[in-house]
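**Student:** Coordinates for the following, if possible.
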Amino acid sequence: MEGLEFLAMAPGSVIEEQEEVTSETADANAVTASTINGAISLSSLSNASKNDFIVKRATKVAQGLDIAIGRAGLSRQWQYYHASSYDKKKHHVLQIPLSSIDRVEKGELVYSSGTTTQQQTVVLYDKNGRWMRFTATILGDAIRAHEALSTYAFPGKRNLGYLFAFESCREEVLAANNTTPKRNINARYDPENEFSRMGLLSKDAPWSTTKINSNYSLCSSYPSVLVVPHVASEEKVGERGARLIRQTASFRSEGRLPALTWGCGHDAASLWRCSQPKVGLGSNRSPSDEFFLKSIVETAGRYVKANTMTLPPAYTRLLTGAAPDSSETDILSFLHVTTASSETTALPTLRIMDLRPKSSAMANRTQGYGYESTANYPNCHVSFYNIPNIHGVRDSYQKLNNLAQSPSNTQDVQFSASVESSSGWLTMIRCILNASWQAAAVVNFHRLPVLLHCSHGWDRTSQVAAIAQLMLDPFYRTMDGFAVLVEKDFCAFGHPFHTRSGHGERSSYGDSGGFSQRAPIFLQFLDCVWQLTNIFPTFFEFNGRYVLAISDHIYSCRFGTLLCDNERERVAAGVYERTKSLWDYLDDHRILFTNPRFHRVNKLLLPPLSCILRRVSLWSDYHLRYSPRAFLACVPKELVPFIHYEQQLDHFPEELKSLFCSSDESDALLHKSQLELEKCRCKCKQQENEILQLRQALEQMEEKHSDDLIFEKERRAFNPPNSS
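**Tutor:** Below you'll find the model as predicted:
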């Protein structure tokens, strides 16, 4: 499906986006909407297109600029679109991927200007919170536009073949498959390579790999290769290990048994993830599940000496930021790991981090689930971290989006307070960062395993596990490593991208089915990543623009990386062989995403917890970029030439040119300073060369003068002056 092009409209028709409609909009005589590369483009046409409404194939990418952003006023967007390098003869274009359309509605719009007129409208709502209104005086035009958009934007939940990713760059993908005939050619996460990098495939490693889920029969939402304790490995103990795994999986929701996602080959420091146990109101037990967790504890006990894991209280308070008499017992005690009383049987404590509110975990018992009881799981400690579920995340994001898209200037004074109090979005970000930091701290300081889970173990668990690994492992803070991290903890471990994004589905408010399962979970994870890149920029190879570019393709369906709900579905649909990888696309423009402040000498990212939580702020580059209110000020003209990508705009796609970030000015200033420093170095080098040349010339002169003196002395010795 190359796309459709709608040429419209009746005389006097206008485009309305949000509430930012001005007289500038009425200057457009007609509207073009075309699905170019899976996107809808709105561009100005000549008078010849008035009263026309035809549907035809689009073969050329529309050129131009975003109307809404172009009207943003004296802002960074306005500065970019009105720079001297901008060709003002180009059309204005607003590109929206078809798959990002949330719903399409038609209705009537009444204008009162002396006489009352009614115009038929088609309103597009996208999943990022924007909306646009098309108007036409002819009812048939609006009906046909509504039907065409509904047909191509909503092919259905399971009609993956209609998604643009399977048509985009088809020839390039097929050519790559022919030259490199390897399964999962576009997958960045390879279990053997990644676990080998961690040192988990060595003979002395504390854990073992198993391929019992190679055909996804054990757990359809888990990867084919898992890391488990030795007692559960088929290679180590045979069928007994396979039986233990099956029985443990049967006691966990969706069969998602505890599995390692990050570890070290030389000790038991590791992160594990799973889903909630099937405890129920009857306090059900599973000897296999209890033995599985006990084996993790016993393995840790062989690598950690008893009674040597408690950090000094002053150091603990420094890290956590809690006062000595604080009531935050979980925060103060999470670094204090107790052991068994008997010295002969002393074992460390396995910390089980239940990421849900305790009330939610207890409520799930009525549905046959729940949480681990320490009476049944000795040497385990359960803590709750109050991260809301998908419904709370969705409601919070909608409130935040309503605030961001409000055109009223009366809210500017109280905007930050409204974001904090009304939406609760930043509070959720802090909860995720807090849980991630605590998990990373226990793993790093005590070299002990930590078990993470929520309800199903594929939303909040993926977020916290990935953020904790960003803090622990510097490899994941590089571009290549971040791609591996996302594909491992979100794609391979079954984060339901398709269900959470609603690809190919129209929303239906109040529906207990598809819409109730939508939530911007992955976007929330990217928000947490941006917080860390913003607070600690020297720790990350990529910049905020890299995170922003990834967020653009959560709903675009342009690449296969973020499609489907699990690895099993990706393999069945041939995603890796039939679609282009998002990471390949980003790698083609690495210069745009490289952080000039990055230093590879940085290892661990575990500052005091308060240094993170108290500096959390709104990710304005994403949440406010479509706001009708300007939020990003102009970069000083003298710094514009020093923005990296300004000098190479012709080499970047249009969607990457308009990724404006709040760090543009500081990056430009740094780039300018680096260029000036390089000029100074070149000048110093040149002066050093000149001094060296002068020194060499002086030495030659001195040598020549010395030779002349010697010659004169010898001449006088052979030819003494005549005596009188």
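
**Student:** who's in contact with stretch 476-488?
**Tutor:** Contacting residues not belonging to stretch 476-488 are listed as 187-189, 194, 223, 261, 466, 469-470, 473-475, 529, 539-542, 546, 561, 583, 586-587, 590, 593, 602, 605 [C-beta atoms under 8 Å, 6 or more residues apart in numbering]. Placement of C-beta: from N, CA and C, glycine included.

**Student:** Check stretch 459-466 too.
**Tutor:** Here stretch 459-466 makes contact (C-beta under 8 Å, 6+ apart) with 261-262, 271, 273-275, 353, 355-356, 385, 387, 389-390, 432, 435-436, 439, 452-454, 476, 485-486, 489-490, 493, 495, 500, 519, 521, 524-525, 528.

**Student:** Restricted to strands, list the residues you listed.
**Tutor:** Among these, the members falling in strands (DSSP state E) are 261, 262, 271, 273, 274, 353, 452, 453.

**Student:** just the helices in the stretch 151-300 of the chain please.
**Tutor:** Listed in chain order, the helices of the stretch 151-300 of the chain (DSSP state H, counting those that start in this stretch) span 170-179, 191-198, 234-237, 239-250, 287-301.

**Student:** average pLDDT for the last one?
**Tutor:** Yep, that's helix 287-301 we're talking about. What helix 287-301 shows for mean pLDDT is 93.

**Student:** likewise the first one?
**Tutor:** Per-residue pLDDT values over helix 170-179 give a mean of 75.

**Student:** and it, what does it pack onto?
**Tutor:** Secondary structure elements in contact with helix 170-179, counted by 3 or more C-beta pairs under 8 Å, 6 or more residues apart in numbering; DSSP states H and E, are helix 575-578.

**Student:** hey, C-alpha coordinates of the helix it packs on in PDB?
**Tutor:** Extracted in PDB, the C-alpha atoms of helix 575-578 (Å, rounded to 0.1, in the frame of the first residue of the first chain):
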ATOM      1  CA  VAL A 575       9.000  -9.600  11.300                       C
ATOM      2  CA  TYR A 576      12.700  -9.900  11.300                       C
ATOM      3  CA  GLU A 577      12.900 -11.100   7.700                       C
ATOM      4  CA  ARG A 578      10.200  -8.900   6.200                       C
END
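
**Student:** for it, what is the average pLDDT?
**Tutor:** Across helix 575-578, pLDDT averages out at 87.

**Student:** Pull out the buried positions in it.
**Tutor:** Of the residues in helix 575-578, those buried under the neighbour-count criterion (16 or more other C-beta atoms under 10 Å) are 575, 576, 577, 578.

**Student:** In terms of secondary structure, what does that helix contact?
**Tutor:** Under the contact criterion of 3+ C-beta pairs under 8 Å, 6+ apart, the helices and strands touching helix 575-578 comprise helix 170-179.

**Student:** any idea how far residue 450 is from residue 437?
**Tutor:** Counting by C-beta to C-beta, to the nearest Å, the separation of residue 437 from residue 450 is 12 Å.

**Student:** what residue is smack in the middle of the protein?
**Tutor:** In the chain, the residue lying closest to the centroid (C-alpha atoms, centre = their mean) is residue 526, at 3.4 Å.

**Student:** That one touches residue 549, doesn't it?
**Tutor:** No. At 10.2 Å, residue 526 does not count as touching residue 549 under the criterion of C-beta atoms under 8 Å.

**Student:** Mind checking which of the contacts of stretch 476-488 land in helices?
**Tutor:** Using DSSP state H, the members of the contacts of stretch 476-488 that fall within helices are 194, 466, 469, 470, 529, 546, 583, 586, 587, 590, 593.

**Student:** Mind checking which of the residues you listed are buried?
**Tutor:** Buried subset of the ones in helices among the contacts of stretch 476-488 (neighbour count, 16+ other C-beta under 10 Å): 194, 466, 469, 470, 529, 546, 583, 586, 593.

**Student:** Reformat those residues as TSV; add distance to residue 155 and pLDDT.
**Tutor:** As requested, those are exported to TSV (distance: C-beta to C-beta, whole Å; pLDDT from 0 to 100):
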residue	distance to residue 155	pLDDT
194	34	94
466	30	97
469	36	96
470	36	96
529	31	97
546	30	94
583	26	94
586	27	93
593	32	90
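
**Student:** ok, so of those residues, who is nearest residue 172?
**Tutor:** Residue 172 has its nearest neighbour among these in residue 583, at 14.6 Å by C-beta to C-beta.

**Student:** Nearest residue to the closest one in space, please, no chain neighbours.
**Tutor:** Of all residues beyond its chain neighbours, the one nearest residue 583 is residue 483 (4.3 Å), with distances taken as C-beta to C-beta, 6 or more residues apart in numbering.

**Student:** Count the neighbours of the one you found for me.
**Tutor:** A total of 22 residues lie near residue 483 under the criterion other C-beta atoms under 10 Å.

**Student:** so where does it fall, helix or strand?
**Tutor:** Here residue 483, judged by DSSP states H and E, is contained in helix 479-486.

**Student:** what's the angle from that helix to helix 191-198?
**Tutor:** Relative orientation of helix 479-486 with respect to helix 191-198: 120 degrees, computed using axes from the mean of the first three to the mean of the last three C-alpha atoms, to 10 degrees.

**Student:** Report the buried residues of helix 479-486.
**Tutor:** By neighbour count with 16+ other C-beta under 10 Å, helix 479-486 contains the buried residues 479, 481, 482, 483, 484, 485, 486.

**Student:** Now do the same for the longest helix along the chain: mean pLDDT, whole number.
**Tutor:** Selection of the longest helix in the chain by residue count, based on DSSP H, yields helix 664-718. Within the predicted structure, the mean pLDDT of helix 664-718 is 84.

**Student:** looking at it, residue 208 is touching residue 226, isn't it?
**Tutor:** No. In this structure, residue 208 sits apart from residue 226 without contact. The criterion is C-beta under 8 Å, and the distance is 9.5 Å.

**Student:** neighbour count winner among the two?
**Tutor:** Between residue 208 and residue 226, counted using other C-beta under 10 Å, the more crowded position is residue 226 (26 against 21).

**Student:** can you pull the contacts of that one?
**Tutor:** Listed by C-beta under 8 Å, 6+ apart, the contact set of residue 226 reads 209, 210, 211, 212, 213, 259, 260.

**Student:** ok, back up a step: now render the ones in helices among the contacts of stretch 476-488 as TSV, adding distance to residue 202.
**Tutor:** Formatted as TSV, the ones in helices among the contacts of stretch 476-488 follow (distance: C-beta to C-beta, whole Å):
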residue	distance to residue 202
194	14
466	25
469	20
470	25
529	31
546	33
583	28
586	33
587	30
590	33
593	34
